[in-house]
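Peer 1: Would you be able to build a 3D model of this:
(one chain, ligands or ions: 1)
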Amino acid sequence: MKIAKVSDLVGIINRFAPFAHAEEWDNVGLQVGDPAAPVSRIAVALDGERAAVEFAIAQGCSLLLTHHPFIFSPLKKISLADPAGSLVALALRHDLAVISLHTNYDVAAGGMNDLLAERLGVVRCGHLRTAGWDELAKLVVYVPTGHEETLLEALFPHCGVVGNYRDCSFRTAGTGTFRPLEGAQPFIGEVGKREAAQESRLELLVRRDSAAAAVAALHKAHPYEEPAYDLVPLMNRGAARGLGRIGYLERETTLEQFAREVAERLGCGSLRYAGAPDRRVRKVALCGGSGMSLLREAHRQGADVIVTGDAKYHEARSAEELGIAIVDAGHFATESLMVEGVAEVMRRELSAGGYAGEVIPWTDGQDPFRSI
Ligand SMILES: [Zn+2]
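Peer 2: Predicted coordinates:
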């Protein structure tokens with residue numbers, strides 16, 4: 001088992017929730033710390049609040065993963081008199097790196113909103129609003145016979161994913177020719193003499209935002225001094241990603257009963273809802289955190305109710321006019337399930353990558369709001 005570096009973790013997260021898919025206004029990725037530092041214990045929290053940072057330090061973690069950006073508004077100074085500055089200093093003093101995965105995680109397949117749908121029993125889900133599609137390329141590389149597996153091993157962390165399949169590749173056998181010139185140090189053949197080598201042509205699908213990492217891995221693992229490869233942009237659309245989800249409850253129920261179930265399933269003591277208690281609900285739109293900007297989209301797609309947090313008074317009035325109900329379970333309750341969700345993905349990805357490491361979810365986080 002290997003020990004991962006902080007930069008390896010950035011790469012792992014980038015594969016399941018690409019940072020390039022974050023909203024433009026967001027600040028995701030490595031927030032604080034040394035990309036080259038080793039990581040054997042990782043804490044996960046919704047917010048990079050003081051208690052979460054202290055928990056990570058007390059647990060001997062060298063990395064904290066948060067959903068909400070650890071640094072959101074740009075800092076002009078790191079003053080210990082300032083809450084943001086003192087948290088940055090606290091993390092740095094204890095060699096704790098912080099990576100945030102926010103709106104990139106919201107839109108990811110298996111990310112925040114899929115977790116929320118699953119928790120609420122909402123099935124046959126589609127996206128409330130499509131945010132884009134993965135852009136794809138084909139990586140073609142020629143490798144001497146007998147070296148295919150070593151090269152594929154290095155490439156699979158970056159490419160070869162087709163839908164629910166990973167490690168996908170295709171190979172054909174053939175003959176490569178080359179004449180090493182003065183100054184070359186050929187793996188096969190001699191300087192000045194034309195060589196004909198038995199080679200395999202390997203083909204793999206790669207997301208364009210992972211292509212640079214794949215090519216870097218190729219250069220590192222390929223036995224040739226000058227590997228021959230093609231990186232070809234494709235017209236194929238990759239997986240769609242989207243904001244929010246819309247799907248169905250297994251059985252129609254009343255708004256009041258549904259609201260009670262949401263409260264129970266999300267473990268919130270209380271919540272607010274808007275709409276007639278006895279109205280029937282079956283088609284459910286949802287968006288963890290602050291999702292009221294998707295109200296019209298939810299209505300357009302025929303949702304009976306939207307589940308989110310941070311609904312405002314005038315938005316509730318608009319929903320009334322549109323004839324769509326709101327269940328406002330709060331920002332915290334609709335997102336805190338990411339802590340266990342991300343921990344599970346990280347455990348799986350670390351193990352798939354052959355990395356040793358422990359992932360510790362911080363489950364003591366509390367909603368800053370209390371109800372009486
Ligand atoms: Zn949020």
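
Peer 1: Relative to the ion, which residue of the stretch 51-200 of the chain is the closest?
Peer 2: Residue nearest to the ion within the stretch 51-200 of the chain (CB to the ion): His68, separated by 5.6 Å. The way it works is simple: take the backbone N, C-alpha and C, and place the C-beta from them, glycine included.

Peer 1: What count of nearby residues applies to the closest residue in space to that residue that isn't next to it in sequence?
Peer 2: Distance criterion CB to CB, 6 or more residues apart in numbering; nearest residue to His68, sequence neighbours excluded, is Asp47 at 5.0 Å. Each residue near Asp47 was counted by other CB atoms under 10 Å, and the total is 20.

Peer 1: how much space is there between Ser371 and Arg241?
Peer 2: Note on Ser371: its distance to Arg241, by CB to CB, to the nearest Å, is 34 Å.

Peer 1: The two: which has the busier surroundings?
Peer 2: Arg241 (20 against 10).

Peer 1: can you pull the buried residues of the host helix or strand of Ala137?
Peer 2: Ala137 belongs to strand 122-144 when assigned by DSSP states H and E. For strand 122-144, burial by neighbour count (16 or more other CB atoms under 10 Å) applies to 122, 125, 127-129, 131, 134-139, 141-144.

Peer 1: of all the residues in the chain, which ones are close to the ion?
Peer 2: With the criterion set to CB under 5 Å from the ion, the chain comes near the ion through 289, 335.

Peer 1: show me the contacts for whichever residue of the chain sits closest to the ion.
Peer 2: Taking CB to the ion, the ion has its nearest neighbour within the chain at Gly289, 3.2 Å off. Applying CB atoms under 8 Å, 6 or more residues apart in numbering to Gly289 gives the contacts 106, 112, 308-310, 331, 334-335.

Peer 1: In those residues, which residue is surrounded by the most others?
Peer 2: Of the contacts of Gly289, with other CB under 10 Å as the count, Thr334 tops at 31 neighbours.

Peer 1: Spatially nearest residue to that residue, not counting backbone neighbours?
Peer 2: Closest residue to Thr334 apart from its sequence neighbours, by CB to CB, 6+ apart: Gly288 at 4.3 Å.

Peer 1: what are the pairing partners of the strand or helix carrying that neighbour, and which direction each?
Peer 2: Element membership of Gly288 [criterion: DSSP H and E] is strand 280-290. Strand pairing for strand 280-290, determined by DSSP bridges: strand 229-254 (antiparallel), strand 305-309 (parallel).

Peer 1: Show the model's pLDDT score for Arg179.
Peer 2: We have a pLDDT of 96 for Arg179.

Peer 1: Please disregard the earlier target; I meant Gly163.
Peer 2: 85.

Peer 1: The closest residue to it other than its chain neighbours and Val161: what is the separation?
Peer 2: Nearest in space to Gly163, with sequence neighbours left out and distances taken as CB to CB, 6+ apart, is Ala239 at 7.7 Å. Ala239 sits 9 Å away from Val161, going by CB to CB.

Peer 1: Show me which helix runs longest in the protein.
Peer 2: helix 338-352 (DSSP state H).

Peer 1: between that one and strand 280-290, how big is the angle?
Peer 2: 70 degrees (axes from the mean of the first three to the mean of the last three CA atoms, to 10 degrees).

Peer 1: my read: Cys168 touches Val206, true?
Peer 2: No. Contact criterion CB atoms under 8 Å: Cys168 and Val206 do not qualify, at 10.7 Å.

Peer 1: Mind checking which of these two has more residues around it?
Peer 2: A count of neighbours by other CB under 10 Å puts Val206 above the other of Cys168 and Val206, at 24 against 14.

Peer 1: Tell me the pLDDT of Cys287.
Peer 2: Cys287 carries a pLDDT value of 98.
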